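Undergrad: Dropping a prediction and its sequence here:
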Amino acid sequence: MRRRFSSIGCCRVTGRRRCRKGAKDGRAPARIRSALIFPKMICRRRFSAGTASTISMPMTTIMPTAALRTSCSTKFSPSRQNNGFRIGESLMTSKLINGSMATFVAAWLLVFSLQSAAGQEGNVRTLKLGGGSFTTSAAQANGMFAKYGLKIEIPRSASGGSEEVRKWLASGELDLADYGVDNAIAMAENAGVDVILVAATDYTPTELMAQPEIKSLADLRGKIVIVDAPNTQNALALKKILSSAGLSAGTDYQMKEVGGTSARLAAMLKQKEFAATMAAGQSAAQARQNGLVSLASTANIFGPTLRYGVFTRRQWARENGELLTRYLAAHIEAQRWLLDSANKEKVIAMVMRQRKMSRDLASGIYEMDMGPNGLARDAVIDVERFRNVLRFRAEVEGSWGGKAPAPERYYDATYHAQALKMVNAGAAR
């Protein structure tokens, strides 16, 4: 005769009305106790008013054996009557019931967290990023992107310059960029691409780096200076700096497009006819290590500015808001990790390894990044610094009739606010 199992005032843990194998001691069969895979589990506890509390578990949830046995307030009882479920007497006190329920909830939470992690691992999304920063490297190295179910790819070209980042982002070959923020403005104003800035990366001033025999700005008359593109933030800064010495582009010096910062510095070390270029932060420190000299800094001419930031097409942001929020959450966590003094030695080691520079230089970069003109805390956009970027573009290029528009036209802080909430909620747990 087939035995049927029921729970008294608690769980139908098998999720079935029948079980083909019985057990004389009243427990569920061993094959059920070992591991259960069922579409839904409902735990009902009787209350005096006759109501029930319900906990639903998603499909393919695996309940640990110990949690299964302790999740019920009664043992399993064989019942032969009317092929149904017989109501029996409770075998536990109220205190034990509460304890068993707590065990059940703890086990459920453990299973849920493992299931979520597995689901996230199986649903990793790849984002293509233009440029990339030290923050990007930190997020990659410390698993922050992976934590939010993201994989980051950074396509590289031979030159790695601004023109390619702009072109690829506009065409959709890139999803977003962590790059010089003036590129976002140039895309909007010169190419008509609706681009928005969504987070800040750093405020590092840019320096005019020159060959060691160049002693002053005036020595650059008749020389070739190299840029990534003629209308980027770096190029505009170079023009502004040299104009303070009475030098004009095309008349007193030549501008030549070579590529990104690394490509330009490498070109200067190989070809002495390239007299100067713009560099910032780690790149400027590396240039000094290789014998180049600093002639001027944007901090002395424009005041505080926003250098690097995260930007994307507005349409892509609207269509992929959840992905963008996850990316920014990882970006924020990486900024916090870099700025945490407890990680000082690790950060310095990263700089030494990536830039192949001495500890002294790496320590100097660390101190700079920790300062007010270094990394943007929590990747928050400093609107006044961004306003300065627009102002000097209007001044040097004559954009917008020489009068800079409101910065709100080019940024949207909504996604950053959502990401910050996500990070803070995780930190509070």
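TA: Arrived safely, thanks for sending. Numbers count the residues shown, from 1 in each chain.
Undergrad: okay, CA-based contacts and neighbour counts for the rest of this
TA: OK.
Undergrad: Could you give the backbone dihedrals for residue 309?
TA: phi -160, psi 170 (degrees, to the nearest 10).
Undergrad: For it, give me its contacts.
TA: Taking CA atoms under 8 Å, 6 or more residues apart in numbering as the contact definition, residue 309 lies against 177-181, 197-202.
Undergrad: Could you count how many residues lie near residue 206?
TA: Residue 206 has 23 neighbouring residues, counting by other CA atoms under 10 Å.
Undergrad: Surely it is in contact with residue 277?
TA: No: at 10.0 Å, residue 206 does not count as touching residue 277 under the criterion of CA atoms under 8 Å.
Undergrad: and the nearest residue to residue 228 once chain neighbours are set aside, which of the three is it?
TA: Of all residues not flanking residue 228 in the chain, residue 259 sits nearest, at 4.3 Å (CA to CA, 6 or more residues apart in numbering). Three-state assignment for residue 259 (DSSP: H, G, I helix; E, B strand; the rest coil): coil.
Undergrad: Around residue 259, how many other residues sit close by?
TA: There are 22 residues near residue 259, going by other CA under 10 Å.
Undergrad: tell me the strands in the chain, going along the chain?
TA: Assigned by DSSP state E, the strands in the chain fall at 4-7, 36-38, 61-63, 76-79, 125-131, 150-153, 176-180, 195-202, 206-210, 224-227, 254-257, 274-280, 293-297, 308-313.
Undergrad: Identify whichever of those strands lies nearest to residue 382.
TA: strand 195-202 (7.7 Å; CA to CA).
Undergrad: Pull the number of nearby residues for the closest residue to residue 304 other than its chain neighbours.
TA: Of all residues not flanking residue 304 in the chain, residue 385 sits nearest, at 5.7 Å (CA to CA, 6+ apart). When neighbours are defined as other CA under 10 Å, residue 385 has 18 of them.
Undergrad: Look up the pLDDT of residue 385 for me, please.
TA: pLDDT, residue 385: 96.
Undergrad: So it versus residue 300, what's the distance?
TA: From residue 385 across to residue 300, the span is 14 Å (CA to CA, to the nearest Å).
Undergrad: how close does residue 246 get to residue 190?
TA: Using CA to CA, which is the criterion applied here, residue 246 is 27 Å from residue 190.
Undergrad: can I assume the residue nearest to residue 304 is in contact with residue 308?
TA: No: when contacts are counted by CA under 8 Å, residue 385 is not listed as touching residue 308 (11.3 Å).
Undergrad: any idea how this structure splits into domains?
TA: Following automatic domain parsing, one gets these domains for the chain: 4-121, 124-203+305-428, 206-300.
Undergrad: just checking, which of these comes out with the lowest mean pLDDT?
TA: Looking at the domains of the chain, the bottom one is domain 4-121 with a mean of 39.
Undergrad: need the contact list for the residue lying closest to residue 148 once chain neighbours are set aside.
TA: Of all residues not flanking residue 148 in the chain, residue 326 sits nearest, at 5.8 Å (CA to CA, 6+ apart). Shown in contact with residue 326 (CA under 8 Å, 6+ apart): 148, 150, 419.
Undergrad: what residues are up against residue 180?
TA: Counted by CA under 8 Å, 6+ apart, residue 180 has contacts 233, 307-309.
Undergrad: One more pass at 7 Å, please.
TA: 307-309 (CA atoms under 7 Å, 6 or more residues apart in numbering).
Undergrad: May I see those residues arranged in JSON lines, with distance to residue 341 as well?
TA: Formatted as JSON lines, the contacts of residue 180 follow (distance: CA to CA, whole Å):
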{"residue": "307", "distance to residue 341": "23"}
{"residue": "308", "distance to residue 341": "22"}
{"residue": "309", "distance to residue 341": "23"}
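Undergrad: Could I have the CA atoms of stretch 398-405 written out in PDB?
TA: Below are the C-alpha coordinates for stretch 398-405, written out as PDB (Å, rounded to 0.1, in the frame of the first residue of the first chain):
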ATOM      1  CA  GLY A 398      35.100  80.900 -30.300                       C
ATOM      2  CA  SER A 399      32.400  78.300 -29.900                       C
ATOM      3  CA  TRP A 400      28.800  79.400 -29.200                       C
ATOM      4  CA  GLY A 401      29.700  82.900 -30.300                       C
ATOM      5  CA  GLY A 402      32.300  83.100 -27.500                       C
ATOM      6  CA  LYS A 403      29.800  82.600 -24.700                       C
ATOM      7  CA  ALA A 404      29.700  79.200 -23.100                       C
ATOM      8  CA  PRO A 405      26.200  77.600 -22.600                       C
END
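Undergrad: next one: it to chain centre, how far?
TA: 33 Å (CA atoms, centre = their mean, to the nearest Å).
Undergrad: And stretch 208-215, by the same measure?
TA: For stretch 208-215, the distance to the chain centre is 37 Å (CA atoms, centre = their mean).
Undergrad: in that stretch, what's buried?
TA: Residues of stretch 208-215 classed as buried: 208-211, 214 (neighbour count, 16 or more other CA atoms under 10 Å).
Undergrad: Which of those sits closest to residue 238?
TA: Using CA to CA, those come closest to residue 238 at residue 208, 7.0 Å.
Undergrad: Would you agree the closest one is in contact with residue 292?
TA: No: between residue 208 and residue 292 there is no contact under CA atoms under 7 Å: 9.9 Å.
Undergrad: And for residue 266, the neighbour number?
TA: Residue 266 has 12 neighbouring residues, counting by other CA under 10 Å.
Undergrad: about what we covered before: need the strands of the chain in TSV (columns: distance to residue 356).
TA: Formatted as TSV, the strands of the chain follow (distance: least, CA to CA, whole Å):
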stretch	distance to residue 356
strand 4-7	67
strand 36-38	53
strand 61-63	49
strand 76-79	67
strand 125-131	20
strand 150-153	23
strand 176-180	22
strand 195-202	22
strand 206-210	19
strand 224-227	24
strand 254-257	26
strand 274-280	17
strand 293-297	19
strand 308-313	22
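Undergrad: circling back to that earlier point, isn't the residue nearest to residue 304 right next to residue 303, touching?
TA: No: using CA under 7 Å, residue 385 is not in contact with residue 303; the gap is 8.3 Å.
Undergrad: ok so, going back, selecting buried members of the contacts of residue 309 in PyMOL, what would you type?
TA: Typed into PyMOL, the line below selects the buried ones among those, using 16+ other CA under 10 Å:
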select buried, resi 177+178+179+180+181+197+198+199+200+201+202
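Undergrad: Adding distance to residue 413, write the contacts of residue 309 out as a markdown table.
TA: Below are those laid out as a markdown table (distance: CA to CA, whole Å):
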| residue | distance to residue 413 |
| --- | --- |
| 177 | 16 |
| 178 | 16 |
| 179 | 17 |
| 180 | 18 |
| 181 | 15 |
| 197 | 8 |
| 198 | 6 |
| 199 | 7 |
| 200 | 10 |
| 201 | 14 |
| 202 | 16 |
